[in-house]
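Colleague: Generate a structure from the sequence data that follows.
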Amino acid sequence: MDYHIQISAPTPDILGEIARLWNGNATARHDFFPWSAALLARLLVPAGNPTGRFLTAHHRPSNALIGFIHCNQLREDGYPRAGVVEAVMVDAPYRRHGVGAALLAAALRTMETFRPRPDIVDALGAWPFGYAFNTLADGSERSGVFMNEPDVYRLFRRAGFEVVRQSRVMRADIRGSRPRPIPPGCGFHIAKRTENTWLDRVFRGRELYDHALSRQNGQLLSRAIFGFMEAESRHQGQAVFSLFGVNTPYDQQRKGYAGINLSRLMEHVRTIGGESIEIHVYADNQPALALYDGLGFATVADTLMLHRRM
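Modeller: Sure, this is the predicted structure:
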């Protein structure tokens, strides 16, 4: 098959073609992601400034877009020398011709020109196959590719990406959620996030909220971050919220505060129109898995965190 790869500026025309490719290839779990050129521009070209580089594959002689990859560089929150493959997709009729491998190789070559040069490259996701955010013990962020898309997994493995850790995507139907009793002398505080962390910057333009359980003296007992990911967070007509982390101070753990906080968070999300909520959790984090299982969460996908040293 005859095709060529080029670096493409994120113009409205290119973003429109990428959105068309996405919407025409969405699979199973992700058929509820309705992308548009405007939404992609908001995410990938905030305030007119591209966050990364698009490499696009075009069929000859028609010049039709048949695949793309988006590569970026993260320089924040203790993660200063990392590259990231944020997306890779090949139109279904053109798969198994080496297009995806060629795009990934071109992205890695492009990252060699980044300054500072990345020490490591993460496979953040393969649209429409999904992604997962995770934090390792050293505080750095890692990400993953859904295991239920073996072709994508093999693509990264053949390019030298290594498995770091496994995690799960869990979802709960909250339409019948039951909040747990609030401990005496405690209350909740819900507020839009004002922090400027890696998470807040990644979800640029999205509204994230803190949901905290505290004593009346201000002592924090448990905090969770949640948000509605707008149009792309609708699954089979349901409004799906995402839970981005649960934090409980070490001296307050194993007292049930995280479960109380989450049950109340789920009730709050239900009252504002939410029907489902998702979270990513390490597959070997047995206490967390037990917590979410007790709140009605069930595993809907497994992910592998993959990275490649430059």
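Colleague: I'd like the average pLDDT over stretch 17-26.
Modeller: The pLDDT scores in stretch 17-26 average 83.
Colleague: would you put the C-alpha positions of that stretch in CSV?
Modeller: Taking C-alpha atoms only, stretch 17-26 is exported to CSV below (Å, rounded to 0.1, in the frame of the first residue of the first chain):
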residue,chain,number,x,y,z
GLU,A,17,-10.4,14.7,9.4
ILE,A,18,-9.1,13.3,12.7
ALA,A,19,-12.5,13.6,14.3
ARG,A,20,-14.0,11.8,11.3
LEU,A,21,-11.4,9.1,11.6
TRP,A,22,-12.2,8.8,15.4
ASN,A,23,-15.9,8.7,15.0
GLY,A,24,-15.7,6.2,12.2
ASN,A,25,-13.5,3.8,14.1
ALA,A,26,-14.9,4.0,17.7
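Colleague: Now it: buried residues?
Modeller: E17, I18, A19, L21, W22, N25, A26 (16 or more other C-beta atoms under 10 Å). (Each C-beta comes from the backbone N, C-alpha and C, glycine too.)
Colleague: Let me know the pLDDT of I5.
Modeller: I5 is assigned 97 on the pLDDT scale.
Colleague: just checking, it is part of a strand?
Modeller: Yes. If the criterion is DSSP: H, G, I helix; E, B strand; the rest coil, then I5 is within a strand.
Colleague: for it, what are its contacts?
Modeller: L55, T56, A57, H58, A102, L103, A106 (C-beta atoms under 8 Å, 6 or more residues apart in numbering).
Colleague: what are the phi and psi values for the first one?
Modeller: L55 adopts backbone torsions of phi -110, psi 130, taken as degrees, to the nearest 10.
Colleague: okay, now it: neighbour count?
Modeller: By the criterion of other C-beta atoms under 10 Å, L55 has 22 neighbours.
Colleague: Make 48 the first number, not 1, from now on.
Modeller: Sure, I'll start counting at 48 from here, so that last one is L102.
Colleague: my guess is it contacts N119, does it?
Modeller: No. Using C-beta atoms under 8 Å, L102 is not in contact with N119, being 11.9 Å away.
Colleague: got CSV for the buried residues of stretch 64-73, with secondary structure and distance to L260 too?
Modeller: Listed next are the buried residues of stretch 64-73 as CSV, based on DSSP: H, G, I helix; E, B strand; the rest coil; distance: C-beta to C-beta, whole Å:
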residue, secondary structure, distance to L260
E64, helix, 47
I65, helix, 42
A66, helix, 40
L68, helix, 44
W69, helix, 39
N72, helix, 42
A73, coil, 37
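Colleague: could I get the residues you listed as CSV with distance to P230?
Modeller: Shown next, in CSV, are those (distance: C-beta to C-beta, whole Å):
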residue, distance to P230
E64, 54
I65, 49
A66, 48
L68, 51
W69, 46
N72, 49
A73, 44
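Colleague: and which of these is nearest to R143?
Modeller: Of all these, N72 has the smallest distance to R143: 14.1 Å, by C-beta to C-beta.
Colleague: if I look at the residue lying closest to that closest one once chain neighbours are set aside, how far off is D198?
Modeller: Closest residue to N72 apart from its sequence neighbours, by C-beta to C-beta, 6 or more residues apart in numbering: A139 at 5.7 Å. From A139 across to D198, the span is 11 Å (C-beta to C-beta, to the nearest Å).
Colleague: Who are the contact partners of the nearest residue to R215 once chain neighbours are set aside?
Modeller: Of all residues not flanking R215 in the chain, T346 sits nearest, at 4.9 Å (C-beta to C-beta, 6+ apart). By C-beta under 8 Å, 6+ apart, the residues touching T346 are R215, V216, M217.
Colleague: Of all those, the one with the weakest confidence?
Modeller: Among the contacts of T346, V216 carries the weakest pLDDT, at 80.
Colleague: and the helix or strand hosting that residue, what does it pack onto?
Modeller: Taking DSSP states H and E as the definition, one finds V216 inside strand 209-220. If you count contacts as 3 or more C-beta pairs under 8 Å, 6 or more residues apart in numbering; DSSP states H and E, strand 209-220 packs onto strand 179-182, strand 188-193, strand 323-329, helix 333-341, strand 345-356.
Colleague: Test my guess that I272 contacts E254.
Modeller: No. Between I272 and E254 no contact is recorded; they are 11.3 Å apart, counting by C-beta under 8 Å.
Colleague: now the helices: where do they sit in the stretch 48-197 of the chain?
Modeller: When secondary structure is read from DSSP state H, counting those that start in this stretch, the stretch 48-197 of the chain shows helices at 59-72, 84-91, 146-158, 197-205.
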